[in-house]
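Enquirer: Sequence and predicted structure below; questions after.
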Amino acid sequence: MFIAGSMLASSHSAVSNPLIGSVSTLLRALSLCNGPAACSGASTTTAFSQGSVRHINSGHHDVDDKLGRPTTPWVRQVISGVDLMRHPKYNKGLAFSDSERDRLYLRGLLPPAVLSQEVQLERAILNIRSKADPLDKYNYLSSLQGRNERLFYRVLMQHFEELMPIVSVPTVREACSKYGLMFKSLPRGLFITLEDRGRVFRILKNWPERNVRVVSVTDGERVGPLGDLGVQAIGVPISKLAMHTACGGVEPATTMPVVFDVGTDNEELLRSPLYVGVRHRRVRGDAYYQLLDEFLTAVRRRYGNTTLIHFSDMAHDNAAKLLNMYRTDFPCFSDELQGLGTAVLAAILGSLPKTGGSLADHTVLLSGEGAATACIAELLAAAVANQTGTTVLEARQNIWLVDSKGLVTRSRGDSSTLEDFKLPYCHSGPSDCTDLLSAVQTLRPTVLIGCGHTDGPPPFAFDQHVVGTMADNAHHPLVFPLSHQQPECTPQDVYAWSGGRAVVATCAQGDRTVAEVDGRELHPSQITSTYIFPGVGEYTAHAYAFLQALSAGVSD
């Protein structure tokens, strides 16, 4: 698809222009060699209009060629006029100059004023700020992305801190929960179901872009505290890819959001007449993995194995298995398994100039019920092992888990009674630590991380006794209350209970809390994976491509 140039628009009569005739002859030749008409024998005509060249195959939908392949109408055209304005990739709104409006046949289709992108940016942000409801702001930005892509990303990048909670969590999750009401027919993502097995590659060819560098994949099973949203989770990969563009510089046209609709266990959605997904219980097991395998095989075949695969909002077991299965075939990344842990590791490393010592000198205690605690712990253990030259098994000895029943130790049970992700951190230890305070008093950790389950409040709060004991254990204890639903404590409380000595970080976006202790203003840091996955994804994709090229060069 091309934008009409001045060469094609220089004549008032497109038919009399020899250049257009040459283009149409070329397109006719291409169609005879490569188009569906070459096989089907359907009549082919060339239609001309000012500012565009259209090559039309008039074959019928239900006519098959001699090899049994269905033929479909296809069009090659140079877009201009209304078609150009409706294309978000090329539309510039009122920023089209006078000469462009004449050359591209936009005269009369726009108000006479020419407004620069800077003026349109200011107008857009004023519109956004005039809306009180975050969901209304999200809808405005989504509509802007659908009609003027370059302005959308300009607004997002210029006001990133302000708009990140709108484009990303938590607002995008609310938008996903109401996707049935907000559904638009624009092809904003690729939808694949179990019924598509055996034809996934053909479906992949329906995506309008031929060069895809980043694919964000979800099955909608774990959309934060909202749980299973099924196909309505499509907003999550769209949001992740917007972050890849805004933070990582990925070209929007080279991204593809994908949702695998394998059913849902959400009773409310199954009963809703507005639900746009398949209406059956979520399918797991071999059928699920076979569908994912067919899709990733199709991605490798069409786009190559340097395409970054970003898994989002999947159940821990599925995400972990897919990551381990395909990390040698593609550059892969999981926000839930790697993103938060990377941000926590960065926070601890960033605090070393204040706390002193090294990463290996810290004793880490993670409080939470979900698998996120083990994901963070595993990344910390790998970092310690890498720095010290020890094994990961040895590095795990200074990392402990606390769940709703207390400290996770071998006296609590084994693989038959504990979840799999807790087993690597089920150390030999005291059996009487049934709450967080007793664990802090016994282990004397220097780092306390709260990562409660997304479905409810954390198992234990970081109260004054817990924080006070942490302050006794270290001069500058690290306290990270990271539970989304209900944080374990507030930064002001931590500063007050530790005498202003604690290093505090939260996951609250845009938190500008100010605490005054002894005349000093203290601000908590923010831990978020939003700044992690775009950079890690880009680096991983480039590194993977380099290694592939290097190995090819060696083999040659």
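Expert: It's in. Numbering: from 1, shown residues only.

Enquirer: ok, P170 - contacts?
Expert: 224, 484 (Cβ atoms under 8 Å, 6 or more residues apart in numbering). In this view, the C-beta of every residue, glycine as well, is placed from N, C-alpha and C.

Enquirer: What distance do you get for it to Y495?
Expert: According to Cβ to Cβ, to the nearest Å, P170 stands 25 Å off from Y495.

Enquirer: can you check T373 too?
Expert: T373 is 24 Å from Y495, by Cβ to Cβ.

Enquirer: neighbour-wise, which of the two wins?
Expert: Set side by side, T373 and Y495 show more neighbours around T373, with 29 against 24, by other Cβ atoms under 10 Å.

Enquirer: my read: that one touches S367, true?
Expert: Yes - under the criterion of Cβ atoms under 8 Å, T373 makes contact with S367 at 7.5 Å.

Enquirer: Please, where are all the strands along the stretch 351-500 of the chain?
Expert: 364-367, 399-403, 406-407, 447-450, 478-481 (DSSP state E, counting those that start in this stretch).

Enquirer: Quick one: those strands as CSV, columns for mean neighbour count, distance to G519 and mean pLDDT too.
Expert: Below are these laid out as CSV (neighbours: other Cβ atoms under 10 Å; distance: least, Cβ to Cβ, whole Å; pLDDT from 0 to 100):
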stretch, mean neighbour count, distance to G519, mean pLDDT
strand 364-367, 26, 32, 95
strand 399-403, 25, 35, 93
strand 406-407, 23, 39, 92
strand 447-450, 28, 26, 95
strand 478-481, 26, 22, 95
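
Enquirer: Turn these into JSON lines, including distance to P353.
Expert: Below are the strands of the stretch 351-500 of the chain laid out as JSON lines (distance: least, Cβ to Cβ, whole Å):
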{"stretch": "strand 364-367", "distance to P353": "19"}
{"stretch": "strand 399-403", "distance to P353": "22"}
{"stretch": "strand 406-407", "distance to P353": "31"}
{"stretch": "strand 447-450", "distance to P353": "16"}
{"stretch": "strand 478-481", "distance to P353": "13"}
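
Enquirer: how about the ones you listed, which one is nearest L135?
Expert: Using Cβ to Cβ as the measure, strand 478-481 is the one of the strands of the stretch 351-500 of the chain that comes nearest L135, at 26.5 Å.

Enquirer: List the contacts of that closest one.
Expert: Contacts of strand 478-481 (Cβ under 8 Å, 6+ apart): 344, 347-348, 351, 355, 362, 446-450, 462, 467, 470, 487-490, 494, 498, 502-506, 527.

Enquirer: run the last query once more with 6 Å
Expert: Residues from elsewhere that reach strand 478-481 (Cβ atoms under 6 Å, 6 or more residues apart in numbering): 351, 447-450, 462, 487-489, 494, 502-506.

Enquirer: Out of those, name the ones that lie in helices.
Expert: Among the contacts of strand 478-481, the members falling in helices are 351, 494 (criterion: DSSP state H).

Enquirer: for the contacts of strand 478-481, which one is nearest S415?
Expert: I449 (24.5 Å).

Enquirer: my read: the closest one touches L366, true?
Expert: Yes - with contact defined as Cβ atoms under 6 Å, I449 counts as touching L366 (4.7 Å).

Enquirer: Next, show the common contact partners of those two.
Expert: When contacts are counted by Cβ under 6 Å, 6+ apart, I449 and L366 have no shared neighbour.

Enquirer: Please report the distance of the spatially most central residue of the chain from C176.
Expert: Residue closest to the average C-alpha location in the chain (Cα atoms, centre = their mean): K240, at 2.2 Å. According to Cβ to Cβ, K240 and C176 sit 12 Å apart.

Enquirer: If you drop the residues flanking it in sequence, what lies closest to the residue nearest to the centre of the chain?
Expert: S216 (4.6 Å; Cβ to Cβ, 6 or more residues apart in numbering).

Enquirer: and that neighbour, what element?
Expert: strand 214-218 (DSSP states H and E).

Enquirer: Settle this for me: Y105 is touching V82, isn't it.
Expert: No - assessed by Cβ under 6 Å, Y105 is found out of contact with V82, at 8.7 Å.

Enquirer: And these two? Which one has more around it.
Expert: Taking other Cβ under 10 Å, Y105 and V82 do not tie; Y105 has more neighbours (20 against 11).

Enquirer: Can you check the pLDDT for the more buried one?
Expert: Note on Y105: pLDDT of 92.

Enquirer: Report all helices and strands that the helix or strand containing L163 contacts.
Expert: L163 is located in helix 160-167, with elements delineated by DSSP H and E. Helices and strands touching helix 160-167, by 3 or more Cβ pairs under 6 Å, 6 or more residues apart in numbering; DSSP states H and E, are helix 134-147.

Enquirer: and the angle from the helix it packs on to helix 160-167?
Expert: Here helix 134-147 points in a direction 100 degrees away from that of helix 160-167 (axes from the mean of the first three to the mean of the last three Cα atoms, to 10 degrees).

Enquirer: what's helix 134-147 in contact with?
Expert: With Cβ under 6 Å, 6+ apart, helix 134-147 has contacts from 88, 128, 131, 152, 166, 171, 174-175, 186.

Enquirer: next one: that helix to chain centre, how far?
Expert: Relative to the centre of its chain, helix 134-147 is centred 17 Å away, using Cα atoms, centre = their mean, to the nearest Å.

Enquirer: Point out the other helices and strands that the following helix or strand past it packs with.
Expert: Scanning forward in sequence from helix 134-147 by DSSP H and E, the next helix or strand is helix 149-158. In terms of contacts (3+ Cβ pairs under 6 Å, 6+ apart), helix 149-158 is packed against helix 117-129, helix 235-248.

Enquirer: residues near R520, how many?
Expert: The tally of other residues near R520 (other Cβ under 10 Å) stands at 9.

Enquirer: same question, E516
Expert: 12.

Enquirer: From S525, how far out is it?
Expert: Relative to S525, and taking Cβ to Cβ, E516 is found at 17 Å.

Enquirer: now swap in R396 and tell me
Expert: 26 Å.

Enquirer: A439 too?
Expert: 25 Å.

Enquirer: Tell me which of those two has more neighbours.
Expert: A439 (28 against 15).

Enquirer: That one reaches D403, doesn't it?
Expert: No - taking contacts as Cβ under 6 Å, A439 lies outside contact range of D403: 10.5 Å.

Enquirer: Next, the angle strand 214-218 makes with the helix or strand hosting N324.
Expert: Counting by DSSP H and E, the element that carries N324 is helix 316-326. Put simply, helix 316-326 runs at 150 degrees to strand 214-218, going by the same axes, to 10 degrees.

Enquirer: which other residues reach whichever helix or strand comes after helix 316-326?
Expert: Using DSSP H and E, the helix or strand that follows helix 316-326 in sequence is strand 332-334. Under the contact criterion Cβ under 6 Å, 6+ apart, strand 332-334 has outside partners 309-311, 319, 323, 326, 533, 537.

Enquirer: Now neighbour count and distance to R210 too, for those, in CSV please.
Expert: As requested, the contacts of strand 332-334 are exported to CSV (neighbours: other Cβ atoms under 10 Å; distance: Cβ to Cβ, whole Å):
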residue, neighbour count, distance to R210
I309, 26, 18
H310, 28, 20
F311, 26, 23
A319, 26, 28
L323, 18, 27
Y326, 19, 22
F533, 27, 24
G537, 26, 20
